[in-house]
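Colleague: Sequence first, predicted model second:
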Amino acid sequence: MNYLSIIKKKILFSLPVVFLYFFSFYHFQIPEVGKINVFAFNFQMILIYFYVLKFPENLGYGNIFLAGIISDTVLGISLGTTSLSYLVLSLFTSYIRNATLRSVMTAEWFTFIPALFFSNLVFLLIINNFSNVSFYYIELLQNTFFTFLFFPLFYYVFTYYQKLISKD
Amino acid sequence: MADHRDDFIIAIRYALLKKGAKQKFSLFFLILLSISIIGLDKFSYPFMIKIRATLNDFVYHVSVVSSQPAILSKHIVNKTKSHFLVMSENKFLKKEMEYLKQQKFNNAYLSSENEIFKRALDMSDNRGFEQNFSITAKVILDQKSPFLKSILINKGTNSGVGKGMTVFSENYLMGIIIETNFLTSRVLLLTDLNSKIPVIIEGKGTSALLEGTGKKKDLYLNYLPDNYEIEAGKIIFTSGKDGYLVEGIAVAKTYLVKEEVKIELLGDPDQALIVNVTNGQIQ
């Protein structure tokens, strides 16, 4: 029984990592409704930002790096591009974590803007300078905007989930 | 001011170098590793090409497995939709079949008559579409990204697939092979921004370059003559000027939407399940 509860706890604690890898292997895309696809957002970035900020012990940098490499392979872009972008996001998030004294959702939501900006800037620079692929700037902008917009929703979902597993 | 700067430097140094409770690697080390990988990938060293091909084969196959739940749910939705359509379609098809049966006899007569006339005028149907490589492949992954509109097929260098080969779906040109691994290959779709093929437009035979825009119903024709206005309802064919695509393969058509002429592909890359990889032509 004791072993079972330990295994259950381990599985529940490693679920963010599982989700990170799953969404790196499988880039979901919901068909466009009208001209703007509101469901096109970067789930991995929300996950990384939230967990590095609030529960860094649940999501290792090594996993973030590896998830980025997988994502690059699936999308067919230069290896290391997404990894570096995710790591810059992690660096920025880690800095915010060290610099903030009191955790407030709205403040964390708005600090997500510069984090996303720097992360996507790195991505854009690498794609433009180290790769020959052309780029859908508008889609990236839409994607970033909806990633920012959906953050509070996932913030509450992840917080609720963490509360739930810490109770167990 | 100096204190504030010191605090900033300390926080950044802490974020970069401190591993934390359960972190095995520091951010600084991983960032350096990422930069090195980008560099190695950019200069395409021989060992890097082999590593990338192995990684591609592994990741693509895992990716196929991870996308199965989504494929299954899509399949269920489509099946449910089609079930409701079948009944009405069945009635319509029965009527149409009766009509076609009558037409078939007329067509057989016209076809034989046409052959006789062609032979008389010495205009045989042999277009000279030479083809020395053709293989059927299955689409294993069609994950679209904001950066590449491409699909993955289950045939690679072990089956003789090479870079630059053309891919057809239901007799329509769909894309070109841009990446080959041992077991898999990546097809760049005609809808991709990087796809550019020389074409001619039905009618006056105007030459242009058909470019992808990311959308299958809104392609772009570049290098058209000055003041040229595209007409709706025209078929766009390959011109063969690139040297490896045979001329006369129907690729796209023009259509009118809200008084604006747009270009759409004849084939639907999103619906492709089985494709035909050839070395430039189709039989």
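Modeller: On my side now, so go ahead.

Colleague: okay, CA-based contacts and neighbour counts for the rest of this
Modeller: Will do.

Colleague: Give me the buried positions along the helix ranked longest in chain A.
Modeller: With secondary structure taken from DSSP state H, chain A has its longest helix at helix A:137-167. For helix A:137-167, the neighbour count (16 or more other Cα atoms under 10 Å in any protein chain shown) marks A:139-140, A:142-148, A:150-152, A:155, A:158 as buried.

Colleague: out of these, what pair is the most spread apart?
Modeller: A:Glu139 and A:Phe158 (26.3 Å; Cα to Cα).

Colleague: Look up the closest residue to A:Ile48, ignoring the ones flanking it.
Modeller: A:Ser90 (6.9 Å; Cα to Cα, 6 or more residues apart in numbering or on different chains).

Colleague: Secondary structure element holding that neighbour?
Modeller: helix A:81-99 (DSSP states H and E).

Colleague: for that helix, packing partners?
Modeller: helix A:43-54, helix A:61-75, helix A:105-130, helix B:2-17, helix B:27-42 (3 or more Cα pairs under 8 Å, 6 or more residues apart in numbering or on different chains; DSSP states H and E).

Colleague: roughly how far is the shortest one from the heart of the chain?
Modeller: Going back to what we said before, that points to helix A:43-54. 5 Å (Cα atoms, centre = their mean, to the nearest Å).

Colleague: swap in the second one?
Modeller: Between the mean C-alpha location of helix A:61-75 and the chain-wide mean there is a distance of 11 Å, by Cα atoms, centre = their mean.

Colleague: Quick one: mean pLDDT over that helix.
Modeller: Summarised as a single mean, pLDDT over helix A:61-75 is 90.

Colleague: how many other residues sit next to A:Leu116?
Modeller: 24 (other Cα atoms under 10 Å in any protein chain shown).

Colleague: Then A:Tyr136?
Modeller: By other Cα under 10 Å, the residues close to A:Tyr136 number 16.

Colleague: Could you do B:Ala250 as well?
Modeller: B:Ala250, neighbours per other Cα under 10 Å, totals 21.

Colleague: separation between the closest residue to it other than its chain neighbours and chain A?
Modeller: The shortest distance from B:Ala250 to any non-neighbouring residue, by Cα to Cα, 6+ apart, is to B:Phe237 (4.4 Å). From B:Phe237 across to chain A, the span is 24 Å (Cα to the nearest Cα, to the nearest Å).

Colleague: Am I right that B:Phe237 falls within a strand?
Modeller: Yes. Under DSSP: H, G, I helix; E, B strand; the rest coil, B:Phe237 sits within a strand.

Colleague: since we're on it, how many residues are nearby?
Modeller: Neighbours of B:Phe237 using other Cα under 10 Å come to 22.

Colleague: re the thing from before, nearest to B:Asn106 among the helices and strands packed on helix A:81-99 would be which one?
Modeller: helix A:61-75 (51.7 Å).

Colleague: Hey, what's the angle from that closest one to helix A:43-54? Just curious.
Modeller: Inter-element angle recorded for helix A:61-75 and helix A:43-54: 170 degrees (by axes from the mean of the first three to the mean of the last three Cα atoms, to 10 degrees).

Colleague: Show me the shaky parts of the chain.
Modeller: Picking chain A for this. Counting by pLDDT under 70, the ranges of chain A that qualify are A:1, A:28-39, A:168.

Colleague: oops, chain B please
Modeller: B:1-6, B:14-23, B:119-131, B:143-147, B:244, B:280-283.

Colleague: In stretch B:198-217, which residues are buried?
Modeller: B:198-202, B:207-217.

Colleague: One more: stretch A:5-13?
Modeller: For stretch A:5-13, a neighbour-count test (16+ other Cα under 10 Å) marks A:12-13 as buried.

Colleague: That one and chain B, any residue contact?
Modeller: No. Stretch A:5-13 is not in contact with chain B by Cα under 8 Å from any Cα of the partner chain; minimum separation 12.5 Å.

Colleague: Determine how far that stretch lies from the middle of the whole chain.
Modeller: With Cα atoms, centre = their mean, you get 23 Å for stretch A:5-13.

Colleague: hmm, back to that, ok, now which ones touch the residue nearest to A:Ile48?
Modeller: A:Ser90 is in contact with A:48-49, A:52, A:61, B:27, counting by Cα atoms under 8 Å, 6 or more residues apart in numbering or on different chains.

Colleague: Turn those into TSV, columns for neighbour count and distance to B:Ala137.
Modeller: Compiled in TSV, the contacts of A:Ser90 are given as follows (neighbours: other Cα atoms under 10 Å in any protein chain shown; distance: Cα to Cα, whole Å):
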residue	neighbour count	distance to B:Ala137
A:Ile48	25	37
A:Tyr49	26	40
A:Val52	22	42
A:Tyr61	26	38
B:Leu27	25	42
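
Colleague: Determine which two of those are furthest apart.
Modeller: A:Tyr49 and B:Leu27 (14.3 Å).

Colleague: which of the buried residues of helix A:137-167 are close to chain B?
Modeller: A:139-140.

Colleague: on that earlier part again, JSON lines for the contacts of A:Ser90, including distance to B:Tyr172?
Modeller: Shown next, in JSON lines, are those (distance: Cα to Cα, whole Å):
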{"residue": "A:Ile48", "distance to B:Tyr172": "42"}
{"residue": "A:Tyr49", "distance to B:Tyr172": "44"}
{"residue": "A:Val52", "distance to B:Tyr172": "48"}
{"residue": "A:Tyr61", "distance to B:Tyr172": "45"}
{"residue": "B:Leu27", "distance to B:Tyr172": "48"}
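
Colleague: So which residues on chain A come close to chain B?
Modeller: Near chain B, when you scan chain A using Cα under 8 Å from any Cα, you find A:22, A:25-29, A:56-58, A:60-62, A:65, A:70, A:73-76, A:78-81, A:83-84, A:87-88, A:90-91, A:94-95, A:98-99, A:130-131, A:133-136, A:139-140.

Colleague: For stretch A:132-148, list the C-alpha coordinates in CSV.
Modeller: Backbone C-alpha positions of stretch A:132-148 (Å, rounded to 0.1, in the frame of the first residue of the first chain) are rendered in CSV as follows:
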residue,chain,number,x,y,z
ASN,A,132,16.7,28.9,-44.6
VAL,A,133,13.0,28.5,-43.9
SER,A,134,10.6,31.3,-44.5
PHE,A,135,8.5,32.4,-41.7
TYR,A,136,4.8,33.1,-40.9
TYR,A,137,5.3,36.2,-38.7
ILE,A,138,1.5,36.8,-38.2
GLU,A,139,0.9,33.2,-37.0
LEU,A,140,3.8,33.5,-34.5
LEU,A,141,2.3,36.8,-33.3
GLN,A,142,-1.2,35.3,-33.0
ASN,A,143,0.3,32.2,-31.2
THR,A,144,2.2,34.5,-28.8
PHE,A,145,-0.8,36.6,-28.1
PHE,A,146,-3.1,33.7,-27.3
THR,A,147,-0.4,32.0,-25.2
PHE,A,148,-0.4,35.2,-23.1
